[in-house]
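K.L.:
Here is my input; please provide its structure:
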Amino acid sequence: MPRRQLQQSDRIVIIGAGVFGLSTALHLALRGYKNVTVFDKHNYDATKYDYRSGADSASSDLNKIIRSAYGSQVEYQDLSKEAIEWWTAWNQEIKTAKNLPAGLNSSDQVYINNGTLAFTDKDELPTFELDTVRNMRAAGLGATQLITTNPEDVRAADHRGWGYGIDPFRRKERRKANVGVLDTTGGVIVADKACRFALHKARTLGVKFVFDACAGAFESYWHDKDGEVVGVRTKDGRKYPAKKVVMACGGWTPALVPQLDGLCETTAGSVIMIKIPRESSLFDRFAPDRFPSWMWKLWDGAGGGLYGFPRDDRGWMKIGYRGTKYTNPQIQPDGKLRSVPITRYTPDEKVTQIPRKAMQVFKHFLGEYLPELAENGINIELTRLCWYTDSFDNHYVVDDLPGQNTVMVATGGCGHAFKYLPNLGKWIVDAMEGVETERTLLQRWRWRALETGVKPFNTLMQGNASPNAFKNVSWSKDADLTLGTGPRL
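P.N.:
Numbering: from 1, shown residues only. The predicted structure is shown next:
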């Protein structure tokens with residue numbers, strides 16, 4: 001079915017105010033669309049995208065990693081370069097703005113360029129990092145990638161002020177291996193503040209937002225007599241007409257859009273948060289200007305897949321685990337099993353712990369790489385499940401719903417989309433407008449099916465047969481929050 005040509009006066013409805021929905025709304029407004037409304041069941045005006053205040057979407061977070069390092073996937077490397085230009089501009093805009101949303105001031109940064117270290121416990125760099133270095137060099141950015149075992153790069157890091165990022169875990173003084181690459185374009189995105197700033201910018205440009213557990217919650221499409229979607233119905237019973245509906249519901253998308261079966265599934269990563277007291281000697285050690293964001297054994301399966309950050313200005317330090325991704329299969333109205341998010345804030349059933357396997361990996365890493373935490377009596381303060389939507393090939397899905405040219409799906413972030421909050425919507429609006437392009441990204445993000453005989457990057461929809469389905473998982477306990485104690489690998 002051909003894509004319908006949009007007019008700038010057309011009503012456009014976006015379901016979801018996370019990274020995909022916010023960015024889409026912002027770029028629609030930047031292109032002159034006058035009638036854009038975003039609905040979300042989370043009251044982000046009240047929670048300010050702060051997880052600890054009750055916001056449980058993946059975008060509602062303390063911080064996210066930004067990196068240009070993408071191995072052989074130069075299309076995302078280029079997208080990262082574009083994003084960093086936008087983030088840098090946002091920092092400057094915040095610095096000089098006369099009107100900022102609550103919780104932001106002119107001294108805030110949403111992008112902290114303190115580097116991202118990708119490292120391993122192996123003796124040699126993994127293929128992914130080698131590909132990154134080669135492709136960044138080909139793009140004229142080789143000097144931004146500093147190999148920790150290359151004496152020339154180590155000297156360059158010291159000379160350029162990046163010495164802290166070469167060996168932040170003090171492996172040399174512990175006589176341990178330190179093999180990795182420091183991406184000096186990377187660092188930290190302050191996620192909750194970035195979302196609040198994007199929301200503020202979109203509102204300033206005329207985008208309307210409806211945040212409410214009923215009035216902002218998607219209930220169903222509104223169809224005409226021919227079965228074409230002409231709008232949406234929210235849980236309070238109201239109908240909203242639309243020439244275009246964009247389903248950008250994060251981890252809730254696959255349950256709301258069953259056509260995604262086989263293409264996308266909702267999975268949970270595990271997160272721990274550690275509080276560094278201001279009076280501790282470690283407060284300065286883990287400051288953003290002395291400690292990079294990092295990724296450890298990112299593609300090594302269940303025993304790796306960790307990532308982390310310096311502490312923030314309140315002392316919170318976050319570490320995440322995606323080496324094992326978990327599912328919560330539940331029977332849906334059509335009788336099929338689909339994974340759906342469940343968090344500590346879910347209205348009925350709640351989850352306040354993380355899987356035991358995830359806790360084991362966390363504690364093994366902390367014991368090996370950051371033993372000073374336990375030595376100083378610092379423990380895990382909070383755990384959470386962070387729900388993403390994975391596609392089988394780890395690429396996003398940005399395309400019209402098959403058979404409905406009035407409905408677009410924007411999802412499949414696969415845990416690596418937030419860094420593109422400022423510019424992702426530009427590409428989504430290109431797809432929405434049917435911009436004729438052979439650009440690799442838009443081609444990769446189109447609706448697709450797994451080809452026979454092709455091994456997926458992510459294995460999806462195993463239901464309760466999966467060992468990582470919640471019914472088959474053992475869970476951590478409160479006692480596990482104490483560092484220096486079990487469970488360990």
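K.L.:
going forward, measure contacts and count neighbours with C-alpha atoms only.
P.N.:
Fine.
K.L.:
What residues of stretch 102-115 count as buried?
P.N.:
Using 16 or more other CA atoms under 10 Å as the test for burial, stretch 102-115 gives 104, 109, 110, 111, 112, 113, 114, 115.
K.L.:
and that stretch, how far apart are its ends?
P.N.:
Start-to-end span of stretch 102-115 (CA to CA, to the nearest Å) is 28 Å.
K.L.:
What of stretch 215-225?
P.N.:
25 Å.
K.L.:
before we move on, what about stretch 101-116?
P.N.:
Termini of stretch 101-116 sit 29 Å apart (CA to CA).
K.L.:
can you check stretch 68-78 too?
P.N.:
End residues of stretch 68-78 are separated by 8 Å (CA to CA).
K.L.:
Run the chain-centre distance for that stretch.
P.N.:
16 Å (CA atoms, centre = their mean, to the nearest Å).
K.L.:
residues of it that come out buried?
P.N.:
For stretch 68-78, burial by neighbour count (16+ other CA under 10 Å) applies to 68, 69, 70, 71, 72, 74, 76, 77.
K.L.:
now swap in stretch 244-257 and tell me
P.N.:
Across stretch 244-257, burial judged by 16+ other CA under 10 Å covers 244-256.
K.L.:
do the same with stretch 370-377
P.N.:
Residues 370, 371, 373, 374 are the ones in stretch 370-377 that count as buried (16+ other CA under 10 Å).
K.L.:
about what we covered before: make JSON lines out of the buried residues of stretch 102-115 and add pLDDT, distance to residue 473 and secondary structure.
P.N.:
Shown next, in JSON lines, are those (pLDDT from 0 to 100; distance: CA to CA, whole Å; DSSP: H, G, I helix; E, B strand; the rest coil):
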{"residue": "104", "pLDDT": "93", "distance to residue 473": "40", "secondary structure": "coil"}
{"residue": "109", "pLDDT": "97", "distance to residue 473": "39", "secondary structure": "coil"}
{"residue": "110", "pLDDT": "98", "distance to residue 473": "36", "secondary structure": "coil"}
{"residue": "111", "pLDDT": "98", "distance to residue 473": "36", "secondary structure": "strand"}
{"residue": "112", "pLDDT": "98", "distance to residue 473": "37", "secondary structure": "strand"}
{"residue": "113", "pLDDT": "98", "distance to residue 473": "38", "secondary structure": "coil"}
{"residue": "114", "pLDDT": "98", "distance to residue 473": "37", "secondary structure": "coil"}
{"residue": "115", "pLDDT": "98", "distance to residue 473": "35", "secondary structure": "coil"}
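K.L.:
now, which of those sits nearest residue 306?
P.N.:
Of all those, residue 115 has the smallest distance to residue 306: 16.3 Å, by CA to CA.
K.L.:
ok, which pair from the buried residues of stretch 244-257 is furthest apart?
P.N.:
Distance extremes for the buried residues of stretch 244-257: the farthest pair is 244 and 251 at 21.1 Å, using CA to CA.
K.L.:
Among the buried residues of stretch 370-377, which one lies nearest to residue 427?
P.N.:
Nearest member of the buried residues of stretch 370-377 to residue 427, counting by CA to CA, is residue 370, at 40.0 Å.
K.L.:
if I look at that closest one, how far off is residue 275?
P.N.:
For residue 370, the distance to residue 275 - CA to CA - is 14 Å.
K.L.:
try residue 433
P.N.:
Counting by CA to CA, the gap from residue 433 to residue 275 is 46 Å.
K.L.:
And for residue 298?
P.N.:
Distance of residue 298 to residue 275, computed by CA to CA: 24 Å.
K.L.:
Repeat that for residue 358.
P.N.:
19 Å.
K.L.:
hmm, back to that, what about residue 433 and residue 275, which has more around it?
P.N.:
residue 275 (18 against 14; other CA atoms under 10 Å).
K.L.:
Please look at residue 266 and residue 387 and confirm they touch.
P.N.:
Yes - between residue 266 and residue 387 there is a contact at 6.6 Å, judged by CA atoms under 8 Å.
K.L.:
residues shared between the contacts of those two?
P.N.:
Any residue near both residue 266 and residue 387 by CA atoms under 8 Å, 6 or more residues apart in numbering counts here, and that gives 251, 341.
K.L.:
For residue 439, grab the count of nearby residues.
P.N.:
Count around residue 439 with other CA under 10 Å applied: 9.
K.L.:
Break down the protein into its helices, ranges please.
P.N.:
19-30, 44-47, 74-96, 127-138, 151-160, 163-166, 191-204, 253-256, 282-285, 356-369, 371-375, 424-433, 440-444 (DSSP state H).
K.L.:
list the buried ones in the last one?
P.N.:
In other words, helix 440-444. Buried residues in helix 440-444 (16+ other CA under 10 Å): 441, 442, 444.
K.L.:
Ok, the second one next?
P.N.:
Within helix 44-47, the residues that qualify as buried are 44, 47, counting by 16+ other CA under 10 Å.
K.L.:
Report the rounded mean pLDDT for it.
P.N.:
In this model, helix 44-47 has an average pLDDT of 96.
K.L.:
again, but for the longest one
P.N.:
With pLDDT averaged residue by residue, helix 74-96 scores 97.
K.L.:
Could I get the contacting residues of the closest residue to residue 377 other than its chain neighbours?
P.N.:
Distances taken as CA to CA, 6 or more residues apart in numbering put residue 483 closest to residue 377, at 7.9 Å, once the chain neighbours are dropped. Applying CA under 8 Å, 6+ apart to residue 483 gives the contacts 363, 367, 373, 374, 377, 378, 379, 380.
K.L.:
mind checking how far residue 483 is from residue 416?
P.N.:
In terms of CA to CA, residue 483 sits 29 Å off from residue 416.
K.L.:
what's the answer for residue 90, then?
P.N.:
Taking CA to CA, one finds residue 90 at 20 Å from residue 416.
K.L.:
Would you mind giving me the confidence score for residue 436?
P.N.:
Residue 436 is given a pLDDT of 67.
K.L.:
hang on, I meant residue 441
P.N.:
87.
K.L.:
Give the closest residue to residue 95 in space, chain neighbours not counted.
P.N.:
Residue 95's closest residue in space is residue 106 (CA to CA, 6+ apart), at 4.4 Å.
K.L.:
Do I have it right that that neighbour meets residue 94?
P.N.:
Yes - between residue 106 and residue 94 there is a contact under CA under 8 Å: 5.5 Å.
K.L.:
circling back to that earlier point, now the buried residues of helix 440-444 as a markdown table including distance to residue 215?
P.N.:
As requested, these are exported to a markdown table (distance: CA to CA, whole Å):
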| residue | distance to residue 215 |
| --- | --- |
| 441 | 34 |
| 442 | 33 |
| 444 | 34 |
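K.L.:
check contacts around residue 229.
P.N.:
If a contact means CA under 8 Å, 6+ apart, then residue 229 has 221, 222, 223, 404, 406, 407 as its contacts.
K.L.:
Can I get the buried ones among these as something I can paste into PyMOL?
P.N.:
To isolate the buried subset of these in PyMOL, counting by 16+ other CA under 10 Å, use the following:
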select buried, resi 221+222+404+406+407
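K.L.:
which among the contacts of residue 229 gets closest to residue 192?
P.N.:
residue 407 (28.2 Å).
K.L.:
Per-residue confidence, that closest one, what does it come out as?
P.N.:
97.
K.L.:
Identify the bridge partners of it.
P.N.:
residue 245 (DSSP bridges).
K.L.:
ok, now residue 266?
P.N.:
The residues that residue 266 bridges to, once DSSP bridges is applied, are residue 389.
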